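Visitor: any chance you could fold what I've pasted below:
(2 chains)
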Amino acid sequence: MAANEITAQEFTISRTFNAPRDIVWRAWTEREALAKWWGPKGCVIEVEELDVRAGGTFHYSMEMQEGCKWWGVFHYEDVVKPERIVFVNSFSDEAGDIARAPFSESWPREIRNVVTFHDEGGKTRIELRGRPIRATAEECAFFEGMFGSMQQGFGGTFDQLDDYLATQK
Amino acid sequence: MDRLSSTFSALADPTRRAILARLALGETSVNELAAPFEMSLPAVSKHLKVLEGAGLITRGRNAQWRPCKLEAAPLKEAANWIDFYRKFWEASFDRLDAYLERLQSGDAAPDGPKAPKKKGRKNGCK
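Guide: Numbering: from 1, shown residues only, chains lettered A, B, ... in the order given. Next comes the predicted model:
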């Protein structure tokens, strides 16, 4: 397991929001707020369950467009108000059981995220670090997985695709 | 719908992923594309429309055979889970930013028009 975690790349993102830390904290921990901002623009979130504490779950559905509805979960591992939330993010089924990403066989099933809330005098800086856990090396390479299963059928190779994409840059 | 959502939706279908894999080998006609799929031409055309809408492919203007061509840029964007995940969070943070702004100006109304509540197809994309 440790070896797998080493191969997984880490993702980081940071942004400063123009609001005090307690307000930003509430946006991350209250049902109505999460439904309004979690997910890309235009998607409609419905909150099935929200229990923000270690061992608790956020289970939601995400309607990306009409007729296209996906489920996802956060499993909270550590919640320290108002400083830190650690959660594992996955796609799920309607019942909340972890599932494969609907669009890829190799998207990491579970990504552990560490979010920290930094008070910057009336503003709040959010730092988020994410890393796949329990992921196979295969899962860490979304690109290869996405096309790997298709290769036999068409007699192509991933290398060809790679070369092609390189010429298109 | 924004670009990220349309890319997600377009990639959600295994047939469409297979079509992209085929097009990675070079541009081709709809007839040729349809051959390995045991699918009617209209069904394949429907998938192509979705891919075209997401900017993942373009179609030639030649009315005779309108060849389909893979567009590499958006596919490259989607190629790595980290890039994709980053876009997801960036888009969410944009919404969070707007939400916090509305909240503090005293107007916490929902953002934009709500999609109609309808119980339809589950867990899938057409």
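Visitor: tell me where chain A has strands.
Guide: For chain A, the strands defined by DSSP state E cover A:11-17, A:44-50, A:57-65, A:68-80, A:84-92, A:98-99, A:111-120, A:123-132.
Visitor: let's have these in TSV, adding mean pLDDT, mean neighbour count and distance to chain B.
Guide: Any C-beta I mention is one placed from the backbone N, CA and C, and that applies to glycine too. Compiled in TSV, the strands of chain A are given as follows (pLDDT from 0 to 100; neighbours: other C-beta atoms under 10 Å in any protein chain shown; distance: least, C-beta to the nearest C-beta, whole Å):
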stretch	mean pLDDT	mean neighbour count	distance to chain B
strand A:11-17	91	16	5
strand A:44-50	95	16	5
strand A:57-65	90	20	5
strand A:68-80	94	19	4
strand A:84-92	96	20	9
strand A:98-99	92	16	9
strand A:111-120	96	16	7
strand A:123-132	92	19	6
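Visitor: distance to B:L23 for these - can I get that in CSV?
Guide: Converted to CSV, the strands of chain A look like this (distance: least, C-beta to C-beta, whole Å):
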stretch, distance to B:L23
strand A:11-17, 29
strand A:44-50, 31
strand A:57-65, 23
strand A:68-80, 22
strand A:84-92, 26
strand A:98-99, 28
strand A:111-120, 30
strand A:123-132, 29
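Visitor: nearest to B:G55, out of those?
Guide: Comparison of those against B:G55 by C-beta to C-beta identifies strand A:57-65 as nearest, at 14.9 Å.
Visitor: how about the strands of chain B, start to end?
Guide: Counting by DSSP E, the strands of chain B are B:57-59, B:68-70.
Visitor: which one of these lies closest to chain A?
Guide: Checking the strands of chain B against chain A by C-beta to the nearest C-beta gives strand B:68-70 as the closest, at 7.5 Å.
Visitor: quick one: average confidence on the closest one?
Guide: For strand B:68-70, the mean pLDDT works out to 89.
Visitor: please identify the buried residues of that strand?
Guide: Residues B:68, B:70 are the ones in strand B:68-70 that count as buried (16 or more other C-beta atoms under 10 Å in any protein chain shown).
Visitor: kindly report the same for stretch B:23-35.
Guide: Buried residues in stretch B:23-35 (16+ other C-beta under 10 Å): B:23-24, B:28, B:30, B:33-34.
Visitor: contacts only, for the residue nearest the centre of chain A.
Guide: Closest residue to the average C-alpha location of chain A: A:N89 at 5.0 Å, with C-alpha atoms, centre = their mean. Neighbouring residues of A:N89 by C-beta atoms under 8 Å, 6 or more residues apart in numbering or on different chains: A:72-74, A:110-113, A:130.
Visitor: leaving out chain neighbours, which residue sits closest to A:A33?
Guide: Of all residues not flanking A:A33 in the chain, A:A27 sits nearest, at 4.3 Å (C-beta to C-beta, 6 or more residues apart in numbering or on different chains).
Visitor: wait, the one you found sits on B:L96?
Guide: Yes: at 6.1 Å, A:A27 counts as touching B:L96 under the criterion of C-beta atoms under 8 Å.
Visitor: find residues that contact each of these two.
Guide: With C-beta under 8 Å, 6+ apart as the test, A:A27 and B:L96 both reach A:W37.
Visitor: where in chain B is the helix or strand with the lowest mean pLDDT?
Guide: Every helix and strand in chain B was compared by mean pLDDT, DSSP states H and E; the lowest is helix B:72-77, with a mean of 71.
Visitor: and A:V52, how close does it get to chain B?
Guide: 16 Å (C-beta to the nearest C-beta, to the nearest Å).
Visitor: what's the burial count for that residue?
Guide: 19 (other C-beta atoms under 10 Å in any protein chain shown).
Visitor: dump the residue contacts of it.
Guide: Neighbour list for A:V52: A:28-29, A:58, A:76, A:79, A:85 [criterion: C-beta under 8 Å, 6+ apart].
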